[in-house]
Structure formats: C-alpha cells, structure tokens
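1. Predicted model, plus sequence, below.
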Amino acid sequence: MIHVQTFPLGPLQTNCFLVYKDKEALAIDPGGDPSPLVQYVRKNDLTLRLILNTHFHVDHILGNKQLKEATGAPILANPEDDYLLQTQVGRGGAMIGLPELEDFDYEPLHPGRTEFLGESCDVLATPGHTPGSLSFYFPDSGKVFSGDLIFSRSVGRTDFPGGSTDTLIKAVQENIFTLPEDTVIYCGHGPETTVREEKQSNPFFRGGFFM
C-alpha cells in the first residue's frame, strides 16, 4: 500500500503530496518552495522518481523546476493544459501576489492505466477546472488525488479560462462518484475526504446528482 505525506506549499497553501512505497516516491503538485519535501525525502532515504501535475494552474506548479533540479525526477503532465503554462511562464500569479513562474520541461501524460511505485494507477481525465485536469487513482490502496476538481464539501472553480461547470460536474459524477465509497480523496486544497462523504454531504450534489 502507498503512503502519503502532505506538504501545504506556497502562498495559497496548495497541497503537495509525497506518495511513497518502500523507498520509492513521487510528488504531486509542488505549488511552492519544495524544500520541506526534499528534506523529508532525504531524511527518510527515499528516491523521488516522478513529479506529477494534476493541472497547470500556477499555484500547483510553482515548485516544479526547483524540485526537478533538486532530485532529477522528471515532470509528467497533460499537454492539453500547455496553453496555461505558456501564458503563466515569467509572470505566474503576479496579480495575486505569487512569485514568478520559471519555465520547465515536462513529459506528456495521458489518461489511461499505468503503474507508479509498483502499483496500478488509473490516470483519469477529470476536466472542468481546466481542460487537461487529471486525477490519479490507486485502486489497490483506495486513494485518489483529484487536484482542484473536488474538495471537502465543495468543488473547484470554473470561472478561469477553459473552465466549465457542466464539464466539472460530469467529471465528478463519472470518475469520482463511481469509485468505491471508502476511497480517500486527496484534494488540492484543504483536508482529505472520501467518496461516501462527498456523495452524502457535498452541497453541490444530492445523492450524486448536481443541484
């Protein structure tokens, strides 16, 4: 079973997840200075194999280049969000007080079944917050990393360029609410939750249907 250590990074306290099994690890969404994560990796004698991005909003990728340089781990992301990267490099979230985003190279990652850390992983297409948003589901461990698709009793914003409320709601219904109800959802911001809790208590849904 995979283990998860959470590092809220950057001015917006974006959850960066260190996912590890035995001595191998991957990071999801380094949204700020990744020094705490790097220190944890070294202290626990882990090897960081990959950096995954759920989407290309600046608060989820600010630490990409620094983490790649510190560990040598390649970055994987959905090229459908590349237009967002191109509009943010050199500027980042300057209008909301975030640091300048440094450009970085990444390898394309597309939806489908793959293997990370010796476990099966379903790379799920979960657009709506951005067109290329991905979620990472580890069925053997009962965990899904959803980025800004869904939060504890909330959902991601859809008023940014490329966002769509209808698309997001459909993605939740078809890709998250169809998972086993005890699946733990690791969200891009805030606390973790479960599929069961969100189906029952998320005010944007009632019984799995958008209100």
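-> Perfect, thanks for sending it. Numbering: from 1, shown residues only.
2. what about stretch 187-203, start to end distance?
-> Distance between the two ends of stretch 187-203: 16 Å, counting by CA to CA, to the nearest Å.
3. hmm, who's touching it?
-> Contacts to stretch 187-203, defined as CB atoms under 8 Å, 6 or more residues apart in numbering, come from residues 12-15, 29, 54, 60, 146-156, 176-177, 179-186, 205, 207-208, 211. From N, CA and C alone the C-beta is placed, and that goes for glycine too.
4. What subset of those is buried?
-> Taking 16 or more other CB atoms under 10 Å as the criterion, what is buried in the contacts of stretch 187-203 is 12, 14-15, 29, 54, 60, 146-152, 155-156, 176-177, 179, 183-186, 205.
5. what sits against residue 116?
-> Counted by CB under 8 Å, 6+ apart, residue 116 has contacts 19, 26, 49-50, 136, 138.
6. Repeat that for residue 160.
-> 57, 129-130 are the contacts of residue 160 under CB under 8 Å, 6+ apart.
7. tell me which residues in stretch 44-57 are buried?
-> Buried, per 16+ other CB under 10 Å, within stretch 44-57: 46, 48-57.
8. typo on my end, stretch 5-13
-> 5, 7, 9-10, 12.
9. ok, back up a step: could you list which of the contacts of residue 116 belong to strands?
-> 19, 26, 49-50, 136, 138 (DSSP state E).
10. how about JSON lines for those, with pLDDT and distance to residue 108 added?
-> Shown next, in JSON lines, are the ones in strands among the contacts of residue 116 (pLDDT from 0 to 100; distance: CB to CB, whole Å):
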{"residue": "19", "pLDDT": "98", "distance to residue 108": "20"}
{"residue": "26", "pLDDT": "98", "distance to residue 108": "16"}
{"residue": "49", "pLDDT": "98", "distance to residue 108": "17"}
{"residue": "50", "pLDDT": "98", "distance to residue 108": "13"}
{"residue": "136", "pLDDT": "99", "distance to residue 108": "15"}
{"residue": "138", "pLDDT": "98", "distance to residue 108": "21"}
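11. Let me know the closest of those to residue 125.
-> Of all those, residue 125 sits closest to residue 136, with 11.5 Å by CB to CB.
12. Adjacent strands (with direction) for the helix or strand residue 113 falls within?
-> Using DSSP states H and E, residue 113 maps to strand 112-116. Next to strand 112-116 in the sheet, as set by DSSP bridges, lie strand 119-125 (antiparallel).
13. Check the offset of the partner strand from the chain's centre.
-> Mean C-alpha position of strand 119-125 versus that of the full chain (CA atoms, centre = their mean, to the nearest Å) differs by 12 Å.
14. Report the rounded mean pLDDT for it.
-> The predicted model gives strand 119-125 an average pLDDT of 98.
15. which other residues reach that strand?
-> Under CB under 8 Å, 6+ apart, the answer for strand 119-125 is 2, 21, 109-115, 133-141, 144, 171, 175.
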